[in-house]
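A.B. asks: generate a structure from the sequence data that follows.
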Amino acid sequence: MSIRLRLTAWYSGILAVMLLVLSGVIYAFVYINTYGDLKNRLQNQSHQVELKAGLSPDGNLQPVLGGPAGQSLFAQMYIYDLDRLILSPNMTEIKLKFQVPAKEDLHNQEGFLQASYGGNPFLIYQRAVDVTLNNSLPAPAVLQVAVYTGEQVTLLNRLKNILLAGSFATLLAAFTFGLFLARKAMSPIGKVIEAANGIQTGTDLSSRIVYDGPQDEIGRLIETVNSMLGRMESFYTGLEEAYATQRRFVSDASHELRTPLTTIRGNIDLLQKVWEMKPDDSRMSEADIRQLSIESVKDIADEAARMSRLVADMLSLARADTGRTFEIEPVALEPMMTEVARRASFLTREAEWSVGEMGHLNGKYILGNKDYLQQMMFIFIDNAFKYTPAGEVTLDALLYQNQVGIRISDTGIGMDKDEVPHIFDRFYRADESRGITEGIGLGLSIAKWIIEEHGGSVEVVTRQGEGTTFVIWLPLLFAPPLE
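C.D. replies: Just a heads-up that it's a prediction; the model follows:
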């Protein structure tokens, strides 16, 4: 059974009970008021009849029963010792007699009772009385006063039918209207189910539930479901991007490893053939063999070093992917920048190396890891040297709003503006640099991870053929560390 049907059934059941109680109260109220008047009249008439019974001049009982109510009231008296039944005139005319209770049961049957004679309903009031005959001792008798209640019974039957029919019609209308309202109120739940089915089948995570109603429980539920769908969509989109990045990473890593492995294997095969030559083979002299061996070993060493750098970079990115962090501590900026500038001057380069003024960094600290910060700066400096075959590479620093900006500028080949969003992607290298400079395209990805772990950001300004400027912004400590 659906929720809307259960709700409608519950409401209809409660309404049915309320209608039943209300109908019962109305019926009881009308019944009590209708028969209450009759009972009062019957009691009053019974006292009048008792007073008049035995007041005839000749000392005989006269049928004086009847009273002021006229033909609508009927009375009879039965004297047990005389076995004498006295009837009111109207009862004699229609030959009506009421059943007389046994003498020994009279006291238990006093009061009002309803009976039917000849298919006609009567309300009868009976009680025990004592009748004095000819100055003798009082004789026990039963006095019965009745009224015809056909109109009252008809009225109450009509009222009962009206109440039953009205209650049934009201209940049916309430059930139908309640089912309609419940279906309308629960229709957003159906949309939630459709959206959940769409998620289960994996067809569309971008769908949202449209709801224009009030912000009640259902409105808040739909808002929560839409928010959950948005988070799930973002999660699965990120997951798909991560899988795509992983596949691209594995593909690029395999490609990058294939080249040095091919070179190493080729040189090893060459050395094997040369060293397996017979001593009397005159195709190559000993000096040629020695020179060829030196060149092959150098190629193998270079490719091994390249593979070592690639593996080290991949390990750094793997740490970043697993969420591993590093220890941080206050780092003095001026000594670190001076050391980086000094060590960078020994890197292989063709461009001029220029270092700006660092005195304004004295007493300034950042919270970070010195080794990783130096690695990050050397990545940018090394890239600047690689992509600046002629010109100048400059290192300086800026201070702005509790931040330090480490600026590395070059006058090299630069980049196209469309390439800037991709330079921090793994294994990405600008088209101008492919085949011109060495590299595997992981350095900037590692540098960006280090910057983000330090709560910083990086700005890139570049123009093709004119050079590139990187500004790494890192937050400053508000106070120097305690010594």
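A.B. asks: just checking, what's the longest helix in this structure?
C.D. replies: Across the chain, the longest stretch assigned as helix under DSSP state H is helix 217-275.
A.B. asks: average pLDDT for it, rounded please.
C.D. replies: What helix 217-275 shows for mean pLDDT is 77.
A.B. asks: next helix or strand past that helix?
C.D. replies: Reading on from helix 217-275 to the C-terminus, the next helix or strand found by DSSP states H and E is helix 286-321.
A.B. asks: what's that next one packed up against?
C.D. replies: Here helix 286-321 touches helix 217-275, helix 443-453, going by 3 or more C-beta pairs under 8 Å, 6 or more residues apart in numbering; DSSP states H and E. In this view, the C-beta of every residue, glycine as well, is placed from N, C-alpha and C.
A.B. asks: out of those helices, deepest packed?
C.D. replies: Ranked by mean neighbour count, the helices and strands packed on helix 286-321 are led by helix 443-453 with a mean of 20 (mean count of other C-beta atoms under 10 Å).
A.B. asks: in this structure residue 328 contacts residue 366, no?
C.D. replies: No: counting by C-beta atoms under 8 Å, residue 328 stays clear of residue 366, with 9.3 Å between them.
A.B. asks: can you work out which residues contact both of these two?
C.D. replies: Residues touching both residue 328 and residue 366 by C-beta atoms under 8 Å, 6 or more residues apart in numbering: residue 454.
A.B. asks: more neighbours: which of the two?
C.D. replies: residue 366 (22 against 16; other C-beta atoms under 10 Å).
A.B. asks: now residue 116: closest residue in space, sequence neighbours ignored.
C.D. replies: Nearest non-adjacent residue to residue 116, counting by C-beta to C-beta, 6 or more residues apart in numbering: residue 122, 7.1 Å away.
A.B. asks: sorry, wrong one. I was asking about residue 339.
C.D. replies: residue 374 (7.4 Å).
A.B. asks: still on that earlier bit, pretty sure the residue nearest to residue 116 is in a helix, no?
C.D. replies: No: under the criterion used here (DSSP: H, G, I helix; E, B strand; the rest coil), residue 122 is strand, not part of a helix.
A.B. asks: wait, what's in contact with it?
C.D. replies: 74, 98, 114-116, 146-149.
A.B. asks: tell me the domain boundaries of this protein?
C.D. replies: Split into domains by automatic domain parsing, the chain comes to 3-157, 265-321, 329-475.
A.B. asks: that older thread, could you give the angle of the longest helix of the chain to helix 443-453?
C.D. replies: In terms of direction (axes from the mean of the first three to the mean of the last three C-alpha atoms, to 10 degrees), helix 217-275 departs from helix 443-453 by 140 degrees.
A.B. asks: please renumber the chain so that the first residue is 36 from this point on.
C.D. replies: I'll keep to 36 as the first residue from here, and by that count the last item is helix 252-310.
A.B. asks: contacts only, for the closest residue in space to residue 149 that isn't next to it in sequence.
C.D. replies: Among residues not flanking residue 149 along the chain, residue 158 sits closest, at 5.8 Å (C-beta to C-beta, 6+ apart). Contact analysis of residue 158 by C-beta under 8 Å, 6+ apart lists 70, 73-74, 77, 147-149, 181-182, 184, 187.
A.B. asks: ok, which pair from the residues you listed is furthest apart?
C.D. replies: Farthest apart among the contacts of residue 158 by C-beta to C-beta are 148 and 187. That separation is 14.9 Å.
A.B. asks: about what we covered before: adding distance to residue 192, write the helices and strands packed on helix 321-356 out as CSV.
C.D. replies: Below are the helices and strands packed on helix 321-356 laid out as CSV (distance: least, C-beta to C-beta, whole Å):
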stretch, distance to residue 192
helix 252-310, 47
helix 478-488, 88
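A.B. asks: please, which helix or strand holds the residue nearest to residue 116 when sequence neighbours are not counted?
C.D. replies: Distances taken as C-beta to C-beta, 6+ apart place residue 174 nearest to residue 116, at 4.9 Å, with adjacent residues excluded. Residue 174 belongs to strand 173-183 when assigned by DSSP H and E.
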